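Novice: Have a look; sequence and predicted model below, questions after that.
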Amino acid sequence: MPNHFHLLVRTCEAPLSLAMRRLLTGHAVFFNRRHARAGHLFQNRYKSILCEEEPYFLELVRYIHLNPVRGVLVESLGDLAQYPYTGHSALVGAIARPWQSTRSVLERFASQPDVAKALYRRFMSAADVRQRRPELVGGGLVRCVGGWQAVHALRRGRKY
């Protein structure tokens, strides 16, 4: 996207804040040297959302990869497979990216890579690009309890 980017990152021992600081600072230094400029490149701190639920993980993958189609940077899902700025092309096998792990996404569809890629393509093409999923919008509490209706039910029971 022209003004932001999305990453789906699995953290290990190193905290996410350290990895993001290195990534964003490194990119800013590279960009500033390349374009003979100085100063901040990014306006705000990154936003992180903890993804624990299995249904949300797949919806998050779909949301991230369909973002260029929703933003009209590419015209269709077919064009998205050749778009260099998304992981979708690596997941479908169109562009090889050795640094990008595709296993954690594809293993949710099938154990055999070719079958998993075909099922992933079907999953992506089943999405309505214009559709918003209200149960997946909002903070971590909203997602972890199952959407806004579940949050409102908790509030009626005096749980906040």
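Specialist: On my side now, so go ahead. Numbering: from 1, shown residues only.

Novice: three-state assignment of the most centrally placed residue in the chain?
Specialist: The structure's the chain has its C-alpha centroid closest to residue 64; by CA atoms, centre = their mean the separation is 3.7 Å. With DSSP: H, G, I helix; E, B strand; the rest coil as the basis, residue 64 sits in helix.

Novice: doesn't residue 8 make contact with it?
Specialist: Yes - applying CB atoms under 8 Å as the test, residue 64 and residue 8 come out as touching, 6.1 Å apart. C-beta: built from backbone N, CA, C; applies to glycine.

Novice: List the residues that are in contact with both of those two.
Specialist: Common neighbours of residue 64 and residue 8, using CB atoms under 8 Å, 6 or more residues apart in numbering, are residue 87.

Novice: Any chance you could list what contacts stretch 76-88?
Specialist: Contact with stretch 76-88 is made by 8, 64-69, 73-74, 89, 92, 94-95, 97, 100, 102, 124-125, as judged by CB under 8 Å, 6+ apart.

Novice: Out of the residues you listed, list just those in helices.
Specialist: The members of the contacts of stretch 76-88 that map onto helices under DSSP state H are 64, 65, 66, 67, 68, 69, 89, 124, 125.

Novice: domains of the chain?
Specialist: Here the domain parsing of the chain from automatic domain parsing is 12-48, 49-129.
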